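Engineer: Give me a model of this one.
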Amino acid sequence: MRLRLLLLALGTFAVGTDTMVMAGILGRVADDLGVSVLAAGQVVTVFALAYALLAPVLAAATARWPRRRLLLTALAVFTAANAVSALAPDYPTLLATRVLAAAGAALYSPNASAAATTLVPPERRGRAIATVLGGMTVATALGVPLGTYVGRADWRLTMWLVTALGAVALLGLAAFLRELPAPAQAVGLRERLAPLRDGRVLAAAATTFAFFMAFQSVYIYLGTAVHPATGGDADRLSTILLATGVASVAGSWLGGHVVDRWGVRKVLLTGSVVSAVFFAALPWLGRTMTGALVYALAVPLAGWSISVAQPHRLASLRPADAPLLLSLNSSALYLGMAAGGGTGSLAMALLGERWFPLGASALALVALGMAAGTTRPAAPAPASGGRAARQESSLPEAASRR
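Structural biologist: You can find the predicted model right below:
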């Protein structure tokens, strides 16, 4: 049982590494393929956009597939696509392989979490999901800096690393994962998108989109933003990315605790303010290793707290539709990441390599305004109210009660 969960988590670790590691090797990709760093950054944009758009479509198209076959097919596509990425002779080929890798990732990640719940008794399902999703979180802490370090001489070695991770997970699951129960009900694409007709859900998804567009517009080009501190040295950049990953894990843990203590609204507002301030400060912080490390700790800590608060917010709006709402939140997150690539390159073109993080600061303030405008402070909790009384509701819902 534990081995199967760990193999599922290894798959999400490979997906998480593949999603984020390009930030550490953009310069080498650009040099090798003869394109600008801005063009190389669109490799991340294409992956994230394909993931966001294909996730609901592929989920609907494969809803009746046996779960084991679906997981193995998804990992096979993901692994093969990364192998072809490692062999890509030119920029257009690399872009095409990233779309294929995103398709495999979009099909694997949500189904791996669902599969985890069928492998354990009901009372252990939360821990099973946390184990599988932990692979994605650990990827930010270990996979990204490891991939950056491996690719310091040749970015293609990083792609081979991701390929190897996917292959081990694929072979392990093929050997040890038995057939899984089919879903009780196949949900079509129309049903998956139906919750967006609820204004509260749309507002929450839009906030996720805006914040992660801000975050990713800097993260993709972090090597450029901190170049004065690293001097182009891959080991120094790996250290900064390691700090970012550790802070991401800490932020994910912290977010779960502070959401219960403070409520969703305070976490969203505090995280957005902290992020906006540090984005604005990065043109100065990025000039020294100390400053870059301070940034690398502060922003992921705030950002991953928000990434916990937003699913909590959505699930509390319509608990019966929680799986669909969380899927929509994931798509909004990846759409934000995709838009962040274009936004970051535009900001760099307009403001220059030093000042482009100011664009992210402005976007974080937009996310702050959206969060403030679509949630409301919780009413004072009665003595016997407990946690449930502390949860915020969105403004449209509050208005419907008056």
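Engineer: In this structure, what helix or strand scores lowest on average pLDDT?
Structural biologist: Among the helices and strands of the chain, helix 395-401 carries the lowest confidence by mean pLDDT, DSSP states H and E, at a mean of 39.
Engineer: which residue sits closest to Met159 in space, ignoring its chain neighbours?
Structural biologist: Distances taken as C-beta to C-beta, 6 or more residues apart in numbering put Ala86 closest to Met159, at 3.6 Å, once the chain neighbours are dropped. Just so you know, the C-beta spots here come from the backbone N, C-alpha and C atoms, and that holds for glycine as well.
Engineer: Verify the contact between the one you found and Asp154 for me.
Structural biologist: No: in this structure, Ala86 is not within contact of Asp154 by C-beta atoms under 8 Å, at 9.6 Å.
Engineer: So for these two, which sits in the more crowded spot?
Structural biologist: More neighbours surround Ala86 than the other of Ala86 and Asp154, with 19 against 14 (other C-beta atoms under 10 Å).
Engineer: quick one on the thing from earlier: and the helix or strand harbouring the residue nearest to Met159, C-alpha only, in PDB?
Structural biologist: In this assignment (DSSP states H and E), Ala86 forms part of helix 67-87. C-alpha atoms of helix 67-87 as PDB (Å, rounded to 0.1, in the frame of the first residue of the first chain):
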ATOM      1  CA  ARG A  67      -8.100   4.100 -13.800                       C
ATOM      2  CA  ARG A  68      -4.900   1.900 -14.000                       C
ATOM      3  CA  ARG A  69      -4.700   2.100 -17.700                       C
ATOM      4  CA  LEU A  70      -5.300   5.900 -17.600                       C
ATOM      5  CA  LEU A  71      -2.500   6.400 -15.100                       C
ATOM      6  CA  LEU A  72      -0.100   4.300 -17.100                       C
ATOM      7  CA  THR A  73      -1.000   5.900 -20.400                       C
ATOM      8  CA  ALA A  74      -0.600   9.400 -18.900                       C
ATOM      9  CA  LEU A  75       2.800   8.600 -17.500                       C
ATOM     10  CA  ALA A  76       3.900   7.000 -20.700                       C
ATOM     11  CA  VAL A  77       2.900  10.100 -22.700                       C
ATOM     12  CA  PHE A  78       4.600  12.400 -20.200                       C
ATOM     13  CA  THR A  79       7.800  10.300 -20.100                       C
ATOM     14  CA  ALA A  80       8.100  10.000 -23.900                       C
ATOM     15  CA  ALA A  81       7.500  13.700 -24.400                       C
ATOM     16  CA  ASN A  82      10.300  14.600 -22.100                       C
ATOM     17  CA  ALA A  83      12.600  12.200 -23.900                       C
ATOM     18  CA  VAL A  84      11.800  13.900 -27.200                       C
ATOM     19  CA  SER A  85      12.300  17.300 -25.500                       C
ATOM     20  CA  ALA A  86      15.800  16.200 -24.600                       C
ATOM     21  CA  LEU A  87      16.400  15.400 -28.200                       C
END
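Engineer: which helices and strands does that helix pack with?
Structural biologist: The contact analysis (3 or more C-beta pairs under 8 Å, 6 or more residues apart in numbering; DSSP states H and E) places helix 67-87 against helix 2-20, helix 91-118, helix 155-176.
Engineer: Out of these, flag the one nearest Asp260.
Structural biologist: Of all the helices and strands packed on helix 67-87, helix 91-118 sits nearest to Asp260, with 21.4 Å by C-beta to C-beta.
Engineer: and this protein, what are its domains?
Structural biologist: 1-186, 187-377 (automatic domain parsing).
Engineer: so where is the stretch 201-350 of the chain shaky, pLDDT-wise?
Structural biologist: 315, 318-324, 326 (pLDDT under 70).
Engineer: Which parts of it are helices?
Structural biologist: Assigned by DSSP state H, counting those that start in this stretch, the helices in the stretch 201-350 of the chain fall at 222-225, 227-230, 234-262, 264-285, 289-317, 322-351.
Engineer: The residue nearest to Met159 and Arg156, how far apart?
Structural biologist: 5 Å (C-beta to C-beta, to the nearest Å).
Engineer: Touching both of the two, which residues are there?
Structural biologist: In the contact map built from C-beta atoms under 8 Å, 6 or more residues apart in numbering, no residue is linked to both Ala86 and Arg156.
Engineer: For Arg98, give its distance to Met22.
Structural biologist: Counting by C-beta to C-beta, the gap between Arg98 and Met22 amounts to 9 Å.
Engineer: Show me whatever sits in contact with both of the two.
Structural biologist: Going by C-beta under 8 Å, 6+ apart, residues that sit against Arg98 and also against Met22 are 43, 47.
Engineer: didn't Gly147 look like it was pressed against Thr158?
Structural biologist: Yes: with contact defined as C-beta under 8 Å, Gly147 reaches Thr158; the gap is 4.4 Å.
Engineer: Name the residues contacting each of these two.
Structural biologist: Common neighbours of Gly147 and Thr158 (C-beta under 8 Å, 6+ apart) are 21, 24-25.
Engineer: ok so, going back, what are the buried residues along the helix holding Ala86?
Structural biologist: Using 16 or more other C-beta atoms under 10 Å as the test for burial, helix 67-87 gives 67-68, 70-86.
Engineer: before we move on, the earlier item: would you enumerate the residues in contact with the residue nearest to Met159?
Structural biologist: So Ala86 contacts 156-157, 159-160, 163 (C-beta under 8 Å, 6+ apart).
Engineer: Compare those and tell me which has the most neighbours.
Structural biologist: Neighbour tally across the contacts of Ala86 (other C-beta under 10 Å): the maximum, 29 neighbours, falls on Met159.
Engineer: what number of residues lie near Arg178?
Structural biologist: Neighbour count of Arg178, defined by other C-beta under 10 Å: 7.
Engineer: what's it sitting at in phi/psi?
Structural biologist: phi -80, psi 170 (degrees, to the nearest 10).
Engineer: Ignoring the adjacent residues along the chain, who's closest to it?
Structural biologist: Nearest to Arg178 is Arg68, by C-beta to C-beta, 6+ apart, at 7.2 Å.
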